[in-house]
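Peer 1: dropping a prediction and its sequence here:
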Amino acid sequence: MPERTLVLLRHAKSDWEGRQADLDRPLAARGLRQAPRAGARLAGLIHRIDLALVSPAVRARETWDLVAAELPEVPPTRIDDRVYAATAGQLLAVVLALPDEAHSVVLVGHNPGFEDLAARLTGTEVALPTSALAVIAWDGSWTSAGRSEGILLASGR
């Protein structure tokens, strides 16, 4: 069993109809249907999640609420400004700073940073359309992320 598991969960489809600022865009009707399916898939893939870090964007927070409702146990959740509109390098810094006691962590956020981070950690191109996830595992601590190639255990919707 790998020592660390990172789940990158892209937010579900957001609503572009309103005139909200990017940070304030809610989920679209399609996103409201997508997110619970992503939650059911996540529940089937990961038995225990120790921590969830969620972008402060409304669409990411709404996605996580719907995903978490499908999990057998909701992990401790933190809204983390560093995840919003982050580059792969900025996201890697978040991963490197994760607490040692957390062995399985979900990040809920955005592209292109998530796809770029998945590629950086696994050496594989990973498509993350809305509500898709990538499950990446490796042996070692969080601080070894990016130094040794992670294993892509699952991806997609």
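Peer 2: It's in.
Peer 1: quick one: classify the residue lying closest to Arg78 once chain neighbours are set aside as helix, strand or coil.
Peer 2: In space, and not counting its chain neighbours, Arg78 is closest to Leu53: 5.5 Å by Cβ to Cβ, 6 or more residues apart in numbering. Quick note: C-beta positions are derived from backbone N, CA and C, even for glycine. Assigned with DSSP: H, G, I helix; E, B strand; the rest coil, Leu53 falls in the strand class.
Peer 1: got the phi and psi for Phe114?
Peer 2: phi -70, psi -50 (degrees, to the nearest 10).
Peer 1: isn't it up against Val7?
Peer 2: No: counting by Cβ atoms under 8 Å, Phe114 sits too far from Val7 to count as a contact (10.5 Å).
Peer 1: what do those two both touch?
Peer 2: Common neighbours of Phe114 and Val7 (criterion: Cβ atoms under 8 Å, 6 or more residues apart in numbering): 107, 134.
Peer 1: compare the two (neighbour count), which wins?
Peer 2: Set side by side, Phe114 and Val7 show more neighbours around Phe114, with 25 against 21, by other Cβ atoms under 10 Å.
Peer 1: quick one: contacts for that one?
Peer 2: Contacts of Phe114 (Cβ under 8 Å, 6+ apart): 8, 10, 91, 107, 128, 134.
Peer 1: again with Leu23
Peer 2: 56-58, 84.
Peer 1: among these, which one has the most neighbours?
Peer 2: The contacts of Leu23, ranked by neighbours (other Cβ under 10 Å): first place Ala57, 24 neighbours.
Peer 1: looking at the contacts of Phe114, which are in helices?
Peer 2: Leu91 (DSSP state H).
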